[in-house]
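In: Kindly generate the corresponding structure for this input.
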Amino acid sequence: MSGTVRHDDRVRLVTDVERRARLARRHALAPGHEAESAEGVTKALTVLHSTEPATPYLSCWARTNATSPEDLDRALYQERSLVKQLAMRRTLFVFPRDLLPAAWPSASARVAASERSKLMKDVVSAGVSEDGSGWLDAARAEILAVLAEHAEGLTAAEIRTAVPRLEVKLDGLGAGPRILTWLGAGADIVRGANTGRWATSRPRWTLVGNWLTAVPRQVDPAAGYRELVRRWLYSFGPGTEADLVWWLGSTKAAVRRALAELRAEAVRLEDDSTAWLLPDDLDEVGDPGPWVRLLPVLDPTVMGWQGRGFYLGPHKDRLFDTRGNVGTSAWANGRMVGCWVQDEAGQVEVRLVETVPVGVRQALDAEAARLSAWLGGLRIGTVYRSPAMK
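Out: Residues are numbered from 1 along each chain as shown. This next block holds a predicted model:
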């Protein structure tokens, strides 16, 4: 299955207007379509970005009427219905627990293999050992043995103290964090309880088997990719092959196989490119009505596609940094129209990058006041500051 299909009158056109309507409804952004819980938000978006600790909390706030940091903490650390997992594009996400068996042998395994390869080379080049593979295997065994003795988990610093082997530098960096990242991607260990407050990340690492019970192991990478693609198509479709390859951090072959096995239907976008929808999701989606939202840095809605013109317009250079990471964003009726920042007192203010009607500006200011009240003076720092934020 290729990314180009010869179009005719029988291939449905999905306009940019409809794409924005789908986004508003599927992503729990339009009034009346909000989610009821952190789990509901995560399901709507397939996964939540968690590179910055505050992002999943703010993503949930934006899509619910009455949620608190404690709601996401409950799902993550008590019920464990949501789990942090390194996966697509070496990015940390919050996953629904039932999606982990699909991610582990596919997107996560791909990251783990890449991390191991780099670690092996750095162990040798740093002069730590001539056998990079053997040294890594020994480090893994020692870490897992230590964690087996501490069911509640250990912090990275505690693991480093318990495993002296980790007190070396690889490519100028401490070996410990890199090895824990590799083991986390490989589903040996998982980020357990957070020892900091919700806007910071200080996890206790624990064995997957100690943290999660009754989660089956799936061993078929193709089946894993197929399920990830299926959920992405419902949340983000229609999407192009390039969108999927980018989002998965995978290959065209894996994407094409998944699309074929899902019997995805080709549709046409306004730029005449080919995109894909699930076969039972072809009905036109109507306009949900006016809406505004304030979304955090690296929000999943913004980072869900490679091709972002239908909601971003001409504002990429103002709202993204030079590495392709999005800062905060202000949305109106399915389009990004600005960003938001906080003053020294923690009050949120909206900065527009285009002129909007007075009513839209008032609605965005009301959202800013709502977010200010929710944060209660807490200032959210970020390393992903867009030019508009600066």
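In: other SSEs contacting the helix or strand of the chain with the lowest mean pLDDT?
Out: Using mean pLDDT, DSSP states H and E, the weakest-scoring helix or strand in the chain turns out to be strand 173-174, at a mean of 90. Based on contacts counted as 3 or more Cβ pairs under 8 Å, 6 or more residues apart in numbering; DSSP states H and E, there is no element that strand 173-174 packs against. The C-beta positions use only the backbone N, C-alpha and C, and glycine is treated the same way.
In: partners of it, with directions?
Out: Neighbouring strands of strand 173-174 in its sheet, by DSSP bridges, are strand 169-170 (antiparallel).
In: my read is Val337 is in a strand, agree?
Out: Yes. Judged by DSSP: H, G, I helix; E, B strand; the rest coil, Val337 forms part of a strand.
In: Around it, how many other residues sit close by?
Out: 23 (other Cβ atoms under 10 Å).
In: can you pull the buried residues of the helix or strand following the least confident helix or strand of the chain?
Out: Downstream of strand 173-174, the next assigned helix or strand under DSSP states H and E is helix 175-185. For helix 175-185, burial by neighbour count (16 or more other Cβ atoms under 10 Å) applies to Ala175, Gly176, Arg178, Ile179, Leu180, Thr181, Trp182, Leu183, Gly184, Ala185.
In: Now tell me what touches the least confident helix or strand of the chain from outside.
Out: Strand 173-174 has contacts (Cβ atoms under 8 Å, 6 or more residues apart in numbering) with Arg160, Leu166, Glu167, Val168.
In: Neighbours of the last one, how many?
Out: Residues within reach of Val168, counting by other Cβ under 10 Å, total 17.
In: which ones are touching the residue nearest to Trp104 when sequence neighbours are not counted?
Out: Leaving aside its sequence neighbours, Trp104 sits nearest to Ala187 (Cβ to Cβ, 6 or more residues apart in numbering; 4.5 Å). Contact analysis of Ala187 by Cβ under 8 Å, 6+ apart lists Gln85, Leu100, Trp104, Ser108, Ala112, Val208.
In: likewise Trp340?
Out: By Cβ under 8 Å, 6+ apart, the contact set of Trp340 is Leu294, Thr328, Ser329, Ala330, Val348, Glu349, Val350, Arg351, Ala368, Leu371.
In: Report the buried residues of the helix or strand where Gly209 lies.
Out: Here Gly209 sits within helix 208-211, counting by DSSP H and E. By 16+ other Cβ under 10 Å, the buried positions in helix 208-211 come out as Val208, Asn210, Trp211.
In: Which SSE is immediately downstream of it?
Out: helix 221-236.
In: That next one packs against which elements?
Out: So helix 221-236, by 3+ Cβ pairs under 8 Å, 6+ apart, packs with helix 16-26, helix 100-103, helix 241-248, helix 252-262.
In: go with 10 Å
Out: Packing contacts for helix 221-236, counted by 3 or more Cβ pairs under 10 Å, 6 or more residues apart in numbering; DSSP states H and E, involve helix 16-26, helix 38-45, helix 100-103, helix 109-125, helix 241-248, helix 252-262, strand 274-277.
In: Out of those, which gets nearest to Leu378?
Out: helix 38-45 (18.4 Å; Cβ to Cβ).
In: Please give the centre-to-centre distance between that closest one and its chain.
Out: Distance, stretch centre to chain centre, for helix 38-45: 12 Å (Cα atoms, centre = their mean, to the nearest Å).
In: The helix or strand following that helix: partners in the sheet, and parallel or antiparallel?
Out: Per DSSP H and E, the first helix or strand lying C-terminal to helix 38-45 is strand 48-49. Strand 48-49 has the following strand partners under DSSP bridges: strand 91-96 (antiparallel).
In: tell me the centre residue of this structure?
Out: His49 (2.7 Å; Cα atoms, centre = their mean).
In: hmm, back to that, need the helices and strands packed on helix 221-236 in TSV (columns: distance to Ala388 and mean pLDDT).
Out: As requested, the helices and strands packed on helix 221-236 are exported to TSV (distance: least, Cβ to Cβ, whole Å; pLDDT from 0 to 100):
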stretch	distance to Ala388	mean pLDDT
helix 16-26	21	98
helix 38-45	23	98
helix 100-103	33	96
helix 109-125	31	97
helix 241-248	23	98
helix 252-262	32	98
strand 274-277	29	98
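In: Can you pull the domain assignment for the chain?
Out: Listed domain ranges for the chain are 113-211, 292-375 (source: automatic domain parsing).
In: now those domains as JSON lines including distance to Ala253?
Out: Formatted as JSON lines, the domains of the chain follow (distance: least, Cβ to Cβ, whole Å):
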{"stretch": "domain 113-211", "distance to Ala253": "16"}
{"stretch": "domain 292-375", "distance to Ala253": "17"}
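In: closest to Val285 out of those domains?
Out: domain 292-375 (11.5 Å).
In: Just the terminal-to-terminal distance for the closest one.
Out: 19 Å (Cα to Cα, to the nearest Å).
In: Wait, the residue nearest to the centre of the chain touches Pro300, no?
Out: Yes. In terms of Cβ atoms under 10 Å, His49 counts as a neighbour of Pro300; the distance is 5.4 Å.
In: Now list whatever residues contact both of those two.
Out: Shared contacts of His49 and Pro300, defined by Cβ atoms under 10 Å, 6 or more residues apart in numbering, comprise Thr55, Pro56, Ser59, Phe93, Val94.
In: And the buried ones among those, selectable in PyMOL?
Out: Here is the PyMOL command that picks out the buried ones among the shared contacts of His49 and Pro300, judged by 16+ other Cβ under 10 Å:
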select buried, resi 55+56+59+93+94
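In: For the shared contacts of His49 and Pro300, could you give me CSV that also reports distance to Lys43 and pLDDT?
Out: As requested, the shared contacts of His49 and Pro300 are exported to CSV (distance: Cβ to Cβ, whole Å; pLDDT from 0 to 100):
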residue, distance to Lys43, pLDDT
Thr55, 17, 98
Pro56, 13, 98
Ser59, 13, 98
Phe93, 13, 98
Val94, 11, 98
